[in-house]
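Peer 1: what follows is a predicted protein model with its sequence.
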Amino acid sequence: MTFQPYVPMGGLAGWRFLQSTIDNQKAAFERSPLLQRDLDYFAEKIGEVRTPEDLIGDFRLLSVALGAFGLSDDIGSKFLIRKVLEEGTLEPDALANKLSDKRYRELSKAFGFGDFAVPNTVLSDFPDKIAARYSDQAFEKAVGETNESMRLALNAQREFAKVADGQDSDRAKWFTILGTPPLRKVLEGAFGLPLSFGALDIDKQLEVFQHRSREEFGADSVAALAEPDTMARLLDRYTAITGMTEFGNSTITSPALVLLRGY
């Protein structure tokens, strides 16, 4: 039987509850037999995988691989996945570098089929690295079955720091966030941006994100926004605002936002 994470309510109160119980809930989830079977199978078989075709040909391995990068819903797109893995990430015109969803670039880079003569699948620590990512994503997906906003907040809490720690320029990091749907949704929600925002020119979108980041949180860069205290404030704001939306309340005088004064 798989442990189902528990979030008793939405909004800021639900987020605070989840934060206070997450260590125990995640530990219980990771003991779930089904999760352990998937990870044991991956650890046993992935060292035999040498090509994208090998990975795509094994549904259980591919499920873990995609799940580790939040791409489980794309498991039917095998032609796209094969091309992304084959072409790697080193060439500017590689498919992974051209796709708007930057999670594919992470996937291709992690497996290394197109970047190295021998893929990363043969490395002794590779299964553990993928297992850690898969466990995080699986737990968040389970949380999302109760509340999708909580899932996105947990993902952002982890992934913003990874983007911030990268070697790219700050502008490139912002574009990575714009091109990663779960991260983008959190910022759009925290900044109160409308659904039509995505129709703007991409450079204008970047300008708005940077402006709102400075105005709302005093953060001039992705690194500053990803600082633990600033990220905590951002996620409090995001969960408070989405909580109001869930209850059909869009007024800024909601009690949930009163807690966020000074942010």
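Peer 2: Here it is on my side, so go on.
Peer 1: okay, helices next: where are they in the stretch 1-150 of the chain?
Peer 2: 11-30, 33-45, 52-56, 59-67, 78-87, 95-98, 103-111, 126-144, 148-164 (DSSP state H, counting those that start in this stretch).
Peer 1: out of the ones you listed, which gets nearest to residue 192?
Peer 2: helix 148-164 (14.1 Å; Cβ to Cβ). (Glycine included, C-beta is placed from N, CA and C.)
Peer 1: in that closest one, what's buried?
Peer 2: 148-157, 159-160, 163-164 (16 or more other Cβ atoms under 10 Å).
Peer 1: which of the residues you listed lies closest to residue 177?
Peer 2: residue 163 (6.2 Å).
Peer 1: list the residues that contact the closest one.
Peer 2: The contact partners of residue 163, taken as Cβ atoms under 8 Å, 6 or more residues apart in numbering, are 173, 176-177, 180, 183, 222, 226.
Peer 1: go again with 6 Å.
Peer 2: Shown in contact with residue 163 (Cβ atoms under 6 Å, 6 or more residues apart in numbering): 173, 176.
Peer 1: tell me the confidence at it?
Peer 2: At residue 163, the pLDDT value in this model is 95.
Peer 1: re the thing from before, the helices of the stretch 1-150 of the chain: which one's closest to residue 240?
Peer 2: For residue 240, the closest of the helices of the stretch 1-150 of the chain is helix 11-30, at 4.2 Å, according to Cβ to Cβ.
Peer 1: give me the residues contacting the closest one.
Peer 2: 3, 5, 7, 135, 139, 150, 236, 239-240, 243, 256.
Peer 1: buried subset of those?
Peer 2: Burial by neighbour count, judged by 16+ other Cβ under 10 Å, picks out 3, 5, 7, 135, 139, 150, 236, 239-240, 243, 256 from those.
Peer 1: out of those, flag the one nearest to residue 97.
Peer 2: Here the nearest of the buried ones among the contacts of helix 11-30 to residue 97, counting by Cβ to Cβ, is residue 135; it sits at 27.8 Å.
Peer 1: near the closest residue to residue 83 other than its chain neighbours, how many other residues are there?
Peer 2: Excluding the flanking residues, the one nearest residue 83 by Cβ to Cβ, 6 or more residues apart in numbering is residue 95, at 5.0 Å. For residue 95, the neighbour count with other Cβ atoms under 10 Å is 20.
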